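A.B. asks: turn this into a structure:
(chains A, B and C)
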Amino acid sequence: MPAMTYLQAISDAMREEMRADERVFVMGEDIAVFGGAFKVTDGFLDEFGPARVMDTPLAESGIVGCAIGAACEGLRPVAEMQFADFVSCGFDQLVNVAGKMFYRQGLSVNITVRLPSGGGFSGGPFHSQNPEAWFMHSPGLKVVAPSTPEDAKGLLIRAIRDPNPVVFLEHKHLYRRVRGEVPAGRYETEFGARIARPGSDLVVIAHGAMVHTALEATEDSEASIEVLDLRSLVPLDEAAILDSVRRCSKVVVVDEANQTCAAGAQVAALIAQHGWEDLDGPVVRVGSPDVPIPFSPPLEQAVLPQPDDIREAVRELLDY
Amino acid sequence: MRRMATETAQTDGDVPAEITAHLTLEDRVGLLRAMLLMRGIEERAMMLYRQGKVPGSFYDGFGQEAVSAGPAWAMHGHDRLCVLHRDLAAHLIRGVEPARIFAQYMGREAGITRGRDGNVHFGERRVGCVGMVSMLPDMMLVATGLGMAFKLRGERRAALTWFGDGSTSRGDFHEAMNWAGVQRLPVIFVLENNQYAYSTPTAGQFAVDPVERAATYGFPGVKVDGNDVEAMFEATRVARERALAGDGATMIEAVTMRMHGHAAHDDMKYVPTEQIEEWRRKDPIDRQVRRLEPLGVDVAALRDEVRAEIEAAVAEALAGPMPDGATATERVFAEAPALLEDGASPWSGF
Amino acid sequence: MSSSTTDLTMPQMGVSVAEGTVVEWRKQVGDWVEADEVIASISTDKIDTDVEAPATGRLAEIMVAEGETVAVGAVLARIATDAPAEAEANGSSSGGGTSEADVALEAPGEAGELQGDTGRPGQAPLSRVVARGRAGSARFSPVVARMAAEHDLDLAQIEGTGRNGRVRKQDVLAHLERSAAPEPPMHIESPYRPDPPAPAQAPVSADGPAGASLSRMRRTIGRAMVESLHTAATCTTIAEADMTRVAAARKALGTSFLPLVARATVETLRAFPALNATLEGETYTRYDDRVHLGIAVSLGDTEPASPAGTGEQGLIVPVIRDAQELSVEGLATRIRDLAERARAGDLSPDEVRGGTFTITNPGGYGSILATPVINQPQVAILDTEAVVKRPVVITDALGEDAIAIRQMTYLCLSWDHRALDGALAARFLRALGERLEGWPLP
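C.D. replies: Below you'll find the model as predicted:
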């Protein structure tokens, strides 16, 4: 099995699907000639040509809206927002046109919107956001956030094939930092959670880059700490979450995003209501405070959850 | 900027006897029929609204029937339409049954959206129509995307979208026009300039006549008498040929007047009565009738036929059940693709 | 605190009427009110009129004062329908719910500190969380309390190793492990344990198996069946129907046959209102357009055969009110919901009353004919049996006969000869059959 980075796995997913299915095409700013701001689509123009590797005008609403139109005619566009942060310019098309189309009109909209998300490298407020909560809250959109290269490829292939609009959060900080074995060829990963490390004394629930931070923070613990990688936010794998709660009874939920109404808030609410009888302590959340993600390293590190923050939360809850 | 010969006819009630050689007598009667059906349905539905059978709000295109009938007639069944709220004739020409439209207004199970969206927020995907959203003009981008798909696949098909004067103030107007111009896409943009966006006259909406902006995006803009159904047809036919030839987009500014309020709850007191009177003399249905009666068409019989069709449709719609509340959370996500399919192609030229 | 109320709303006296004015309240808060008793008088643009109470109970609240004008549909008053008839009027309903709020207010600083904290949220030391516990709050977490209940443990006996001596889940687990080892019996204890008392036995025949008495459900069902057969002049008429088109339609919809048969039945009943009726003693009541459709639900035979001998749990007939207003999909959803709640024992009394016609369909088990018992006081019941592929004769447009394989079923209608005659029953079945045979293709 080849080993590749998280970024290469994402490229591989699109390449495999584009080779096998002529309906799939990619569109976004600077993705063709330049190969993409992060080089995810490097080499695609040569292999697939300018019709299927489209450099678009600087127009996020246009990118999402045109992707919708193309999808209504049976094409399968994979639209890239150059940074997750810029999806706000295409919010209306995504939430009101794409998300609501099937419910109202019975017309399916197969678009995949890739969002390079997350911070940790002095990107500042407009290049570091994790906007998944906006889209979890919008009916009709699916939201996935892989943490490993294998899942990045499998979930993206699954997303491209899904007849519904899927928001795909690829964490920039993982692009080149995380390597792993990735099966060759085409395979799908079902939208659901995965146990990153099994345990029994406490479970840390996370997604995206925070899965790695959680694993790092708890690998030396004397207690048996489970780490649950959500992978999919809509649909949320309620069964897996409640199963971990039942076995471990103590829960720490981690978000890199600003904590108010982040994905973890929904997880915590779910546990409070449906996992109540299995709890041996309060559901503890770790997240960024509600501030724009700052640029200067000491400020950014104070805001984004660090391994020590998770370690501390876990230690306290274990002692409770 | 090209101007149609009919522009000079906008100042009086009559229109040239013949605009184009591309319409047979059947076509011309078909256009009138579509407009009569649209007006008849909307009048009847307004009555149902006042009787409490239509929930929410009610919008109509009274006085603007030619703006949707003409262009829809010029589009082939395999073309695609993004239909707006005063364009009912387009749905009818594509093949949507009046009974389902009444059911849609009344929020019944048999409506096109099965009660999930109201009034004119519908599009029957099975006849190639995409239903609108309330954020205008979002659908201009969807139409641009449809054109993009045709171009990517090398197909000789076009997409057409309607949008209003007010909506040209929003960013999506610019993004769509620009994208269509840059990529030279087979899209026809029909701007329904009906003089008012709710209570805002066009003077509050643009500093430049929008038809002049098309050139800045790289394609022609054409100003057309929006109340002459055959002129609207002809302008669209020409634009469609342009698109199919690979020459890109066209913007058609249809000059018309919104004769009723923005919606049933608006009494349009802000419109000067002289303006309404002036436009009443240019009623698109009256004009088409004046064209066809000298040719021996029995308009009275046509009106009776349309009336009967409408009454039967109302009865059918009223007999249908309301949707079951327990189904409200179903079908948010598709299990399998459900795409746009082809509609009717009634024009004799196809 | 009473939780069951019925609202009295401003009626719409005419299509264009949008509002009305309360002229006079004939009852006051605290008064007992009978259903249909005049409770107020109102005035509208079209008409002045009295308003009757929609339910029996105690007038709990008046929202709109005399002289006030409100929109059609606005709530005028609330009637507590489960208030006891003899109780004193309970003016204030905000009983003892304030003490918790008071305690929370006593510690405002806590919440304020957490909110304004520029430190990491969610990192407030847990000692603060524990200390914030209100007087009388549980000292044991939910999982600990549950495990104690499950294993019948006295938590006071378990040593807690958590914060402040808290008993934690692992403490309970450890305790259970230690006590799993069996205690050796004291030497004076004898191993004898008396047999559990034998269940009540019916008289035993000399050489047959022992009988036992029937469960309460079985006795209730039995009484109803016997009464029905003794009261009604029960006859059964059977007709054949070609369900091939219905089979295609139901497959396209992804449901069983039942919702489609139900819809067809409802539509046919509108043409044969004599069958959509009840007969109680001498009183025959027709419901015309309104069909309150009962659907027989088997409560499953998941229990192994009990000493009561039948293995089944029984039968109940929930009612879909105004089934004529539901489409096939609507009926499918409602049937599914009622069946689930019936099996969970979760139906309200109103949901098993007031039916005007019943459908029972045990056809899933393969039987082809049945003679159902009428669900009193209705006058008819339809039993749909298995849909089976059979060779049948088909006559084409030219009058030529051929054999074709079609999906056939028997529609079995039991009906009360006191209320109607066989010809009507047969015509109803034929009309229903034609409706099913002509089902539009998906």
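A.B. asks: quickly find the element holding A:M54.
C.D. replies: Assigned by DSSP states H and E, A:M54 belongs to strand A:53-55.
A.B. asks: so is the helix or strand just after that strand next to chain B?
C.D. replies: Remark: after strand A:53-55, the chain's next helix or strand is helix A:60-72, criterion DSSP H and E. Yes - against chain B, helix A:60-72 shows contacts by CB under 8 Å from any CB of the partner chain at A:61-62, A:64-72. (C-beta placed from N, C-alpha, C; glycine too.)
A.B. asks: OK, contacts around C:T237?
C.D. replies: Applying CB atoms under 8 Å, 6 or more residues apart in numbering or on different chains to C:T237 gives the contacts C:412-413, C:415, C:422, C:425-426, C:429.
A.B. asks: just the buried residues of those.
C.D. replies: C:412-413, C:415, C:425, C:429 (16 or more other CB atoms under 10 Å in any protein chain shown).
A.B. asks: extract the residue ranges of the stretch 201-350 of chain C that are flagged as low pLDDT.
C.D. replies: C:201-207, C:300-313 (pLDDT under 70).
A.B. asks: and the residue of it that's closest to chain B?
C.D. replies: Nearest to chain B, among the residues of the stretch 201-350 of chain C, is C:G330, at 3.4 Å (CB to the nearest CB).
A.B. asks: residues contacting that residue?
C.D. replies: B:109, B:321, B:323-324, B:326-327.
A.B. asks: which of those residues are close to chain C?
C.D. replies: Within those, those near chain C by CB under 8 Å from any CB are B:109, B:321, B:323-324, B:326-327.
A.B. asks: ok so, going back, out of the contacts of C:T237, who's nearest chain B?
C.D. replies: Looking across the contacts of C:T237 and measuring by CB to the nearest CB, the closest to chain B is C:L429, at 24.1 Å.
A.B. asks: how far away is the residue of the stretch 301-442 of chain C at minimum distance from chain A from B:R114?
C.D. replies: Chain A sits closest to C:E329 of the stretch 301-442 of chain C, with a gap of 13.4 Å, by CB to the nearest CB. For C:E329, the distance to B:R114 equals 9 Å [CB to CB, to the nearest Å].
A.B. asks: would you mind confirming that A:R161 makes contact with A:Y187?
C.D. replies: No - A:R161 is beyond contact range of A:Y187, at 11.2 Å (criterion: CB atoms under 8 Å).
A.B. asks: higher neighbour count, the two?
C.D. replies: A:R161 (17 against 14; other CB atoms under 10 Å in any protein chain shown).
A.B. asks: which parts of the stretch 1-150 of chain A sit against chain B?
C.D. replies: A:25, A:51-52, A:56-57, A:59, A:61-62, A:64-75, A:92-93, A:96-97, A:100-108, A:110, A:139-140, A:142.
A.B. asks: just the buried residues from those residues, in PyMOL please.
C.D. replies: In PyMOL, a selection of the buried entries from these looks like this (16+ other CB under 10 Å):
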select buried, chain A and resi 25+52+56+59+61+62+64+65+66+67+68+69+70+71+72+73+75+92+93+96+97+100+101+102+103+104+105+106+107+108+110+140+142
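A.B. asks: about what we covered before: show residues contacting the strand holding A:M54.
C.D. replies: Under CB under 8 Å, 6+ apart, the answer for strand A:53-55 is A:25-34, A:41, A:44-45.
A.B. asks: report the buried members of those residues.
C.D. replies: Buried among the contacts of strand A:53-55 (16+ other CB under 10 Å): A:25-29, A:31-32, A:41, A:44-45.
A.B. asks: who's in contact with C:G254?
C.D. replies: No residues are in contact with C:G254 under the rule CB under 8 Å, 6+ apart.
A.B. asks: from chain A, how far off is it?
C.D. replies: 15 Å (CB to the nearest CB, to the nearest Å).
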